[in-house]
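Trainee: Can you look at this prediction? I've put the sequence above it.
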Amino acid sequence: MIAPDVTLDENVVIHHPQLVNLYGCRIGEASRIGAFVEIQRGVIVGRRCKISSHSFICDGVTIEDGVFVGHGVMFTNDRFPRALTPDGRLQTDADWELVPTRVAKAPWSAPAPSSHATCRLTRSSPEYPRALSAARAAQHSKGVER
């Protein structure tokens with residue numbers, strides 16, 4: 001389902017619109033969204049991004065231009081997610097604080113076609129003081145990180 005309050009910029013491709021759940025978000029120009037993806041209210045996806053199938057992007061997440069989000073990626077907007085408060089009550093919206101997260105494209109160069117790169121969230125930034133937001137490229141060889 002694509003809710004009426006979703007903003008889709010030009011040339012956005014949603015491969016199976018009947019198999020996504022998008023509401024209150026903005027999807028940038030020429031981005032691609034796979035099947036079984038949920039993107040919540042308040043999310044901004046930049047231009048020329050690829051969001052692979054079975055991913056969940058929650059409120060508070062900003063994905064900058066050119067970012068790849070792999071299959072089955074799940075974001076959380078609560079730094080210490082819990083079901084219960086310290087006194088044993090079920091948490092409500094009043095019991096947690098939304099933590100904004102920004103995902104930037106990692107700079108990398110591929111010396112050979114067999115190289116893979118991934119974006120790893122590693123530290124906070126002044127703009128997003130409580131969120132993981134700095135990206136670093138990691139190269140992998142045969143599934144083992146170097």
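Mentor: Received the coordinates, thanks. Numbering: from 1, shown residues only.

Trainee: residue contacts, the residue nearest the centre of the chain?
Mentor: By Cα atoms, centre = their mean, the chain has its centre lying nearest to residue 57, at 4.9 Å. If you count contacts by Cβ atoms under 8 Å, 6 or more residues apart in numbering, residue 57 has them with 25, 37-40, 43, 45, 51, 63, 69, 73, 75. C-beta: built from backbone N, CA, C; applies to glycine.

Trainee: ditto for residue 53
Mentor: 34-37, 71-72.

Trainee: Quick check: of the residues you listed, which lies closest to residue 2?
Mentor: Of all the contacts of residue 53, residue 37 has the smallest distance to residue 2: 10.9 Å, by Cβ to Cβ.

Trainee: mind listing what residue 15 touches?
Mentor: Applying Cβ under 8 Å, 6+ apart to residue 15 gives the contacts 32-35.

Trainee: 6 Å instead, please
Mentor: residue 34 (Cβ atoms under 6 Å, 6 or more residues apart in numbering).

Trainee: so how far is residue 78 from it?
Mentor: The gap separating residue 15 from residue 78 is 30 Å, by Cβ to Cβ, to the nearest Å.

Trainee: and the gap between the closest residue to residue 36 other than its chain neighbours and residue 12?
Mentor: Distance criterion Cβ to Cβ, 6 or more residues apart in numbering; nearest residue to residue 36, sequence neighbours excluded, is residue 54 at 4.8 Å. From residue 54 across to residue 12, the span is 19 Å (Cβ to Cβ).

Trainee: next one: residue 2
Mentor: 10 Å.

Trainee: now residue 53
Mentor: 16 Å.

Trainee: So what's the residue count around the residue nearest to residue 36?
Mentor: Residue 54 has 14 neighbouring residues, counting by other Cβ atoms under 10 Å.

Trainee: For it, pull up the helix or strand it's in.
Mentor: Under the criterion DSSP states H and E, no helix or strand holds residue 54.

Trainee: Pretty sure it sits against residue 74.
Mentor: No. If you go by Cβ atoms under 6 Å, residue 54 and residue 74 don't touch, sitting 9.0 Å apart.
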